[in-house]
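J.: give the three-dimensional model of this entry:
(chains A, B, C and D)
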4 protein chains.
Amino acid sequence: MKTYKINEIPVKVHGRTIQGACPLPLFWNHAGVEVNCTGSELWIDLEVDCDFHEPWIATELNGAFMSRQMLLPGEYSICLYRSMVPGVVKNFKFYRELQAMGEDEKTHILVKGFTTDGDFLPVEDKKLKLEFIGDSITSGEGTYGANQDTEWLAMYMSSSRHYASIIEKALDADARIISQGGWGVYVGWDNDIRHNIPSVYEAVCGLATGPFNEALGSLKPYDFKSWVPDAIIVNLGTNDATSFEQPPFDVPGVGLCKQRKNADGSYNAEDAEKIEKAIIDFLKMLRKNNPTSHIVWVYGMLGYNITMLISDAMNRYMKETGDINCKYITLPNTTQETVGSHGHPGYASHERAGKVLCEYLASQFNIPIKEHEGNL
Amino acid sequence: MKTYKINEIPVKVHGRTIQGACPLPLFWNHAGVEVNCTGSELWIDLEVDCDFHEPWIATELNGAFMSRQMLLPGEYSICLYRSMVPGVVKNFKFYRELQAMGEDEKTHILVKGFTTDGDFLPVEDKKLKLEFIGDSITSGEGTYGANQDTEWLAMYMSSSRHYASIIEKALDADARIISQGGWGVYVGWDNDIRHNIPSVYEAVCGLATGPFNEALGSLKPYDFKSWVPDAIIVNLGTNDATSFEQPPFDVPGVGLCKQRKNADGSYNAEDAEKIEKAIIDFLKMLRKNNPTSHIVWVYGMLGYNITMLISDAMNRYMKETGDINCKYITLPNTTQETVGSHGHPGYASHERAGKVLCEYLASQFNIPIKEHEGNL
Amino acid sequence: MKTYKINEIPVKVHGRTIQGACPLPLFWNHAGVEVNCTGSELWIDLEVDCDFHEPWIATELNGAFMSRQMLLPGEYSICLYRSMVPGVVKNFKFYRELQAMGEDEKTHILVKGFTTDGDFLPVEDKKLKLEFIGDSITSGEGTYGANQDTEWLAMYMSSSRHYASIIEKALDADARIISQGGWGVYVGWDNDIRHNIPSVYEAVCGLATGPFNEALGSLKPYDFKSWVPDAIIVNLGTNDATSFEQPPFDVPGVGLCKQRKNADGSYNAEDAEKIEKAIIDFLKMLRKNNPTSHIVWVYGMLGYNITMLISDAMNRYMKETGDINCKYITLPNTTQETVGSHGHPGYASHERAGKVLCEYLASQFNIPIKEHEGNL
Amino acid sequence: MKTYKINEIPVKVHGRTIQGACPLPLFWNHAGVEVNCTGSELWIDLEVDCDFHEPWIATELNGAFMSRQMLLPGEYSICLYRSMVPGVVKNFKFYRELQAMGEDEKTHILVKGFTTDGDFLPVEDKKLKLEFIGDSITSGEGTYGANQDTEWLAMYMSSSRHYASIIEKALDADARIISQGGWGVYVGWDNDIRHNIPSVYEAVCGLATGPFNEALGSLKPYDFKSWVPDAIIVNLGTNDATSFEQPPFDVPGVGLCKQRKNADGSYNAEDAEKIEKAIIDFLKMLRKNNPTSHIVWVYGMLGYNITMLISDAMNRYMKETGDINCKYITLPNTTQETVGSHGHPGYASHERAGKVLCEYLASQFNIPIKEHEGNL
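T.: I've put the predicted structure just below:
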């Protein structure tokens, strides 16, 4: 058995991070490391910390889900597999099941390296690259847990039972996720206007704050040329819609913020325009940084409330810029039979919405959809 | 056995027609007559004609599909059921499976009445009323027939294997269908600008032309107060999108018509605007005639090509008029495993799209969805 | 347009009948005629009669369900299709949806021939031949009609929504059906011991009695060499099981017949043995007449009550004869969500059981299962 | 935070074990401990060992799957949940995902107790108790892992993606599993006649051998009165069938053992009788120890090869003993689309077979089937 540093061996890195860093931070949901290893046994060497929100991880062997567990603070190694036939290549992926945890500065997973009795061979990139941007839906909140469970906890979030991973497998793609529960494109669910995804999009991980994360380089500008997505899927708007139903929020230095409704139940035009402007600006930001990516805005997994508003902003953006490489589609809403924990889309809802979006992308890029195996 | 004229007995009439007419024309797809009859035997007395496009009909006993057949020209009676226990009420529905056949002036089904050994009891209206407006998708083209079948024939169209009838049953509603294959909201698939649904919407059945139909009253203004839909589902745009891909059409008295694309594959702005304007005008027409109806525009069952354009027009309409009682959603696209005959959505596609739309309407009107039975 | 007698043209005949007869009787459920016709229009020329139980028929164009209707007494022609492109081959199948109607001697469908403007080309036999033997389940009772419908009527029976036709399509096979509602392998549901399938199995159609049918030749010995099934699926036992729960039946010339239960709810050994003996004898009869056919006895679609008894008899038969080319499997039971009319398996139940049996046969004969199309 | 010994608090113990033992061994697949805890945080204190075959475990919070991980040798605690609202009762279940590992004497999981800041409340027994007895299918082999994975390893086995747990949840039952991969009712897949389940059935855990396990009490007679199953599901025979296809096995002290086939492919009568006798004897053993339990033998998830033989033995047992409280049914076979790793039934196959068996049990005990939630 020999221990290798993460920057000594061929590793496929999933998710935005600091290229070449050792140890390697896994900032985002679905961020991870993937290796082809010939060893009979493989361990991953970690450095983990957290306060309230402990990180969870999942693993896949040869593309199939194998394990899911909580990580607690400490420096330790986890055995990924053992007792396997040496010399045969095993593809193994270790990935984060928890969103970048803006509310817990201590939460982090650092991968120091691997320990094995075998060698590492390169892992090829997939031909298709997909970036998913969203809120709690895209953080997989609700994909684990019973319907009765309603606390806001790390364990209910995932990317293993997630429309992004369903699509990733079905289209043989690499997927990255940029998401934060409760956040919007303009405003958070609670009218906190600081909670908008565009404000963190251009850093490596603008949600990983505090001295430790900043020292890692989380707030540095992200190098968009390092990984060019073929498609960017934006699944935002659900919290912007909710803000209209919530009381004002006192934003420090700004004062009371509140998205208003008119007496007839319609959205106040001025406030609606704030969302539209944020969408237009975000589309410009996406396009500036990703000139060639197809952009598809999806919406509907928790209701169609601001579907008109999103599509209007998108149309305005397209007219203003002449950009025709983008589209807006709605995804099937979550129902009583597909809801998961905390009133969020369950695995069944992610499967249904994922299938529709998968078909859209397969058609857009003219690629086949892989058949399911008996295990996922 | 006794014969009753259609205007002598309590009959629930489905589909727009001439109120109180005897014989009663069934102009539209899904137009029909429904009775509660105590007889052991029931016959319907018909007068039918056609040239190229023979009408097809389907029947339902107590809400379950029972038969489907071609009707040929002549005056005759069809036995709907027989040998049943007398005195027990049977609910029976006889309905047209063929769109109003604009290309065949002779095509018609007139219901003269019924013959039975029993009595007729009133049939209650359902609480929910739905109007579906569309093109070949809403004419159910492709819902019967093998994948290899590609002729344009009456027998491949239906409303029995149709998203409207799936929703009708699941929501315990009454559904009406206004549709024409190949037509658009602005222009037909082949650039024939006469083929737009708005031009026929305000008559009883603007598609049923020719001396015979006109004598029946098909072109008379429709009395919108006679049946007020809770929701109007507009499923138009697919042919407008296709027109951009087709050669010009020489419209008599107008000249060559052609929706154009730019060199980069985008839609010519002037031509796109024609569609948007048509959508806006149609929404105004719908609202004028149906002040209280929720309007939902759906799109996507044969591709998402002009989804941006439709949503833009809809937003413009809403802003211009202040109407907030409308929505735009996309439905799951048809795939290789769900396609039917003639490259159109098969029954499997209608089932999937119908489920998503059904859930939207159930949520919109806060009503339950009925469980399927083992038969449909 | 020219009229052809049924024995003048190449016709593929489905179901046991009198070879070469003109007109050609369709005795059994799923019996029919299939042609490859180049005409733009095709009519079938019929002679039909019935008393209480009118026959129903269904049609398929190029393998896809197209129509289903009641036939009433008379000599007439039915248009099967029209307005199609001439010169192109259309495969068309016209088949009976009603079991041989033992209780209505007048019920019959005779096919006199076809009328068309085209030619007839031969229809190839499928490589796999399947014979289904059963009771009301195999008569498709309950596959049409609402759950609330409980009368015993022809219209609720079919072979179009039937596990046999599901398998026929999925395995690209030809299927024949020998079935009678209420009958058993030893005794009918009501303890009428005359109602056993073996007693009618060796005639062309032992259920079609009365002077008219007999004159046609229904009771003549069937020529088993004329169509050799690869597999015989026996789905009997459900009525034998029910007989234990029913009052005695007074069989003319025999007296009161009654399958008895013991005080502890078990089956009276003597009466159980009657069923076992009937099964053994029937297996011998099947084997004598079909030396090469794989025999699979299936059971369970309406409960597993006598599953032990059937398997015991089958084992005894196999030991006694050394026949190893047979098998017993249970099929998924009908549930509340899959039940159809009259408490019988609905289409959903036929689909589920059909899939399991289809997979068994595909494995047994090492043949692929065809993917569903969007229409059935 | 306070640490409690396992025998100090109210714990619901799943799986056969030594009653009152502290630490408490989890011998069998699905063996586990379940608590109702009011703490904000809960840890389980373990003592684990193994050689080649490391044990895996899974957890459920409020009935929903939460985690799955490998356990390695050592004494340590695992955090089950944290950061939850104190004072609220959380139902938590920790259970073994690995069969009793006959080939690795060191493999064990001992539960020493729990550590928490809350209290423990009693967990009620479910009304329905189910015992599943089987081989690799019932050890869940193949329910994790990619189709390409073919090694025989602990990680591919589970009871979390398992027909027993599907039924357990759907019927609101408690399930116990007695199983061993490769074993039969008479003989193992490789003709090793020592590998038969009856030989270990009457001990607490006859598969947990070696000084350590024996010192725990694994080989002591099991107290069948301590947990009386309502139904015993026996899923054995698959390996007995395979033995006919395998070379002889040299059993120490016995010599070469081999189940033989005749020249025509049938089973040698003498060898078949060995299996039948073993089945009859096992049924007697089951009945002696479980006088009131309904016994249902199920078979077919990996082929129907010896279905006749099993049913014959079962019939002989029933005739000989007069026992009528047992039944034999076949379950849907595993197909290309439902197979998992190592050629074994995948999760999709367990779901399908589980549904059929669940319906059988629901009908047998006249109890409802719970609807799925969006998460499992």
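J.: for the helix or strand that contains A:Leu357, the distance to its chain's centre please.
T.: Using DSSP states H and E, A:Leu357 maps to helix A:347-365. Its chain's C-alpha centre and that of helix A:347-365 lie 16 Å apart, by Cα atoms, centre = their mean, to the nearest Å.
J.: is any part of that helix close to chain C?
T.: No. Using Cβ under 8 Å from any Cβ of the partner chain, helix A:347-365 stays clear of chain C, with a minimum separation of 13.8 Å. Using the backbone N, CA and C atoms, a C-beta is placed for each residue, glycine as well.
J.: output the contacting helices and strands for that helix.
T.: Applying 3 or more Cβ pairs under 8 Å, 6 or more residues apart in numbering or on different chains; DSSP states H and E, one finds that helix A:347-365 contacts strand A:128-134, helix A:163-170, strand A:231-235, strand A:294-299, strand A:326-330.
J.: give me that answer again for 6 Å
T.: helix A:163-170 (3 or more Cβ pairs under 6 Å, 6 or more residues apart in numbering or on different chains; DSSP states H and E).
J.: hmm, back to that, show me the contact partners of the helix holding A:Leu357.
T.: Applying Cβ atoms under 6 Å, 6 or more residues apart in numbering or on different chains, the contact partners of helix A:347-365 are A:143, A:161-163, A:166-167, A:170, A:301, A:331-332, A:334, A:338, A:369, B:332-333, B:335, D:374-375.
J.: check stretch A:193-202 too.
T.: Under the criterion Cβ under 6 Å, 6+ apart, residues A:183-184, A:186-188, A:206-207, A:251, A:257, A:282, A:285 lie in contact with stretch A:193-202.
J.: go through that stretch and flag the buried ones.
T.: By neighbour count with 16 or more other Cβ atoms under 10 Å in any protein chain shown, stretch A:193-202 contains the buried residues A:193, A:195-198, A:200.
J.: show me the residues you listed that map onto helices.
T.: Judged by DSSP state H, the subset of the buried residues of stretch A:193-202 located in helices is A:198, A:200.
J.: in a markdown table, list the buried residues of stretch A:193-202 along with pLDDT and distance to A:Phe52.
T.: Output for the buried residues of stretch A:193-202, formatted as a markdown table (pLDDT from 0 to 100; distance: Cβ to Cβ, whole Å):
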| residue | pLDDT | distance to A:Phe52 |
| --- | --- | --- |
| A:Ile193 | 98 | 24 |
| A:His195 | 98 | 18 |
| A:Asn196 | 98 | 23 |
| A:Ile197 | 98 | 22 |
| A:Pro198 | 98 | 26 |
| A:Val200 | 97 | 20 |
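J.: SS state for the residue nearest to A:Trp152 when sequence neighbours are not counted?
T.: The shortest distance from A:Trp152 to any non-neighbouring residue, by Cβ to Cβ, 6 or more residues apart in numbering or on different chains, is to A:His342 (7.0 Å). State at A:His342, reduced to three classes by DSSP: H, G, I helix; E, B strand; the rest coil: helix.
J.: wait, A:Pro229 touches A:Glu131, no?
T.: Yes. The criterion here is Cβ atoms under 6 Å, and A:Pro229 meets it with A:Glu131 at 4.0 Å.
J.: need the pLDDT of whatever residue of the stretch 1-150 of chain A ends up closest to chain B.
T.: Residue nearest to chain B within the stretch 1-150 of chain A (Cβ to the nearest Cβ): A:Ile137, separated by 16.8 Å. A:Ile137 carries a pLDDT value of 98.
J.: wait, it sits on A:Met301?
T.: Yes. Between A:Ile137 and A:Met301 there is a contact under Cβ under 6 Å: 5.2 Å.
J.: where does A:Ala278 sit: helix, strand or coil?
T.: With three-state DSSP as the basis, A:Ala278 sits in helix.
J.: how close does it sit to A:Ile137?
T.: From A:Ala278 across to A:Ile137, the span is 18 Å (Cβ to Cβ, to the nearest Å).
J.: tell me where the stretch 101-250 of chain A has strands.
T.: A:108-116, A:120-121, A:128-134, A:173-179, A:231-235, A:249-251 (DSSP state E, counting those that start in this stretch).
J.: any chance of JSON lines for the ones you listed, columns mean pLDDT and distance to chain B?
T.: Compiled in JSON lines, those are given as follows (pLDDT from 0 to 100; distance: least, Cβ to the nearest Cβ, whole Å):
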{"stretch": "strand A:108-116", "mean pLDDT": "98", "distance to chain B": "37"}
{"stretch": "strand A:120-121", "mean pLDDT": "98", "distance to chain B": "36"}
{"stretch": "strand A:128-134", "mean pLDDT": "98", "distance to chain B": "18"}
{"stretch": "strand A:173-179", "mean pLDDT": "98", "distance to chain B": "18"}
{"stretch": "strand A:231-235", "mean pLDDT": "98", "distance to chain B": "14"}
{"stretch": "strand A:249-251", "mean pLDDT": "98", "distance to chain B": "25"}
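J.: could you dump those strands to CSV with distance to chain C?
T.: Listed next are these as CSV, based on distance: least, Cβ to the nearest Cβ, whole Å:
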stretch, distance to chain C
strand A:108-116, 41
strand A:120-121, 36
strand A:128-134, 25
strand A:173-179, 24
strand A:231-235, 27
strand A:249-251, 47
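J.: to C:Thr321, which of those lies closest?
T.: C:Thr321 sits nearest to strand A:173-179 of all the strands of the stretch 101-250 of chain A, at 58.4 Å, using Cβ to Cβ.
J.: now do the closest one and helix A:347-365, the angle between them.
T.: 120 degrees (axes from the mean of the first three to the mean of the last three Cα atoms, to 10 degrees).
J.: burial of A:Tyr4, as a residue count?
T.: Burial of A:Tyr4 is recorded as 18 neighbouring residues (other Cβ atoms under 10 Å in any protein chain shown).
J.: oh, I was asking about A:Pro368
T.: Using other Cβ under 10 Å, A:Pro368 has 10 other residues around it.
J.: and for it, nearest residue in space, chain neighbours not counted?
T.: A:Ala362 is the one closest to A:Pro368 (Cβ to Cβ, 6+ apart), at 6.8 Å.
J.: now the one you found: how far from chain D?
T.: Plainly put, A:Ala362 is 19 Å away from chain D if you go by Cβ to the nearest Cβ, to the nearest Å.
J.: one more: A:Phe224?
T.: Applying Cβ to the nearest Cβ, the value for A:Phe224 to chain D is 33 Å.
J.: OK, contacts around that residue?
T.: Shown in contact with A:Phe224 (Cβ under 6 Å, 6+ apart): A:Asn289.
J.: try 7 Å this time
T.: Counting by Cβ atoms under 7 Å, 6 or more residues apart in numbering or on different chains, A:Phe224 makes contact with A:289-290.
J.: and what of A:Met1?
T.: A:115-117.
J.: can you list these in JSON lines and add neighbour count?
T.: Output for the contacts of A:Met1, formatted as JSON lines (neighbours: other Cβ atoms under 10 Å in any protein chain shown):
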{"residue": "A:Thr115", "neighbour count": "18"}
{"residue": "A:Thr116", "neighbour count": "26"}
{"residue": "A:Asp117", "neighbour count": "14"}
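J.: out of the residues you listed, who's nearest chain D?
T.: Distances from chain D to the contacts of A:Met1, taken by Cβ to the nearest Cβ, are shortest for A:Thr115, at 13.4 Å.
J.: sorry, back to before: wait, which of the buried residues of stretch A:193-202 is closest to chain C?
T.: Lowest distance from chain C to the buried residues of stretch A:193-202 (Cβ to the nearest Cβ) belongs to A:Ile197, with 38.6 Å.
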